[in-house]
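>>> Would you be able to build a 3D model of this:
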Amino acid sequence: MYTIAKVSDILGISKQAVYKKINQLENELKNCISKNGKTLINEKGLKILKINTIGLNENETSLNQFNCVDEKFNNLVETISDQVDFLKKEIEAKNVQIDNKDKQLEKKDKLIENMQVLLKQNQEIYQQSLMIQNNDKPLRKRIFNFFKIK
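Got it, this is the predicted structure:
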């Protein structure tokens, strides 16, 4: 059994509209209503009221459905907007990290270039020292041979 308040909530109409419908459908609702201090409607009476109220309530229902869809859409747009803002901030942070990495790579490239120059210089020095050593042997032999007793 349903109270008038519950029926008005279910049908989405006012209590006065429910009472008006009950009066209009008095013959059809004879066995569906009990009035023991409170007006109560059984399941069959609720179905009859639903069937006869759909036509009147169609525009209201459509508007409620539209408002519900509109609210869901707005919530979705807000959520997506928040996510876009978050992703933009994340991209900005990544760009800063990339800039820092680029600077580190430039420093590394300069260090590698310096190391290559130093290595080349060391190789040249080593080559010169080898040449000096190789050139010194014949000179030593000549000097030794010069002073050698004949």
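>>> Can you check the pLDDT for the residue nearest to residue 50 when sequence neighbours are not counted?
Distance criterion C-beta to C-beta, 6 or more residues apart in numbering; nearest residue to residue 50, sequence neighbours excluded, is residue 11 at 6.4 Å. Placement of C-beta: from N, CA and C, glycine included. We have a pLDDT of 84 for residue 11.
>>> Repeat that for residue 33.
pLDDT, residue 33: 82.
>>> related to what we said a few turns ago, the residue nearest to residue 50 reaches residue 52, doesn't it?
No: look at residue 11 against residue 52 with C-beta atoms under 8 Å: they stay out of range, at 9.8 Å.
>>> Show me the shaky parts of the protein.
Applying pLDDT under 70 to the chain flags residues 54-65, 134-146, 148-150.
>>> quick one, strands of it?
Here the chain has its strands, by DSSP state E, at 2-3, 33-35, 39-41.
>>> Could you list the paired strands of the last one along with their orientation?
The reference is to strand 39-41. Under the criterion DSSP bridges, strand 39-41 sits next to strand 2-3 (antiparallel), strand 33-35 (antiparallel) in its sheet.
>>> how far does it sit from the chain's center?
Relative to the centre of its chain, strand 39-41 is centred 51 Å away, using C-alpha atoms, centre = their mean, to the nearest Å.
>>> And the first one, by the same measure?
With C-alpha atoms, centre = their mean as the basis, strand 2-3 stands 46 Å off its chain's centre.
>>> before we move on, back to that, which one of the strands of the chain is the most hemmed in?
strand 39-41 (a mean of 19; mean count of other C-beta atoms under 10 Å).
>>> Just want the most central residue of the chain.
Centroid-nearest residue in the chain, with C-alpha atoms, centre = their mean: residue 83, separated by 4.7 Å.
>>> could you dump the strands of the chain to CSV with distance to residue 121?
Listed next are the strands of the chain as CSV, based on distance: least, C-beta to C-beta, whole Å:
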stretch, distance to residue 121
strand 2-3, 99
strand 33-35, 109
strand 39-41, 104
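>>> nearest to residue 115, of those?
Closest to residue 115 of the strands of the chain, according to C-beta to C-beta: strand 2-3, at 89.0 Å.
>>> Which residues does the closest one contact?
For strand 2-3, the surrounding residues in contact (C-beta atoms under 8 Å, 6 or more residues apart in numbering) are 10, 38, 39, 40, 41, 42, 45, 46.
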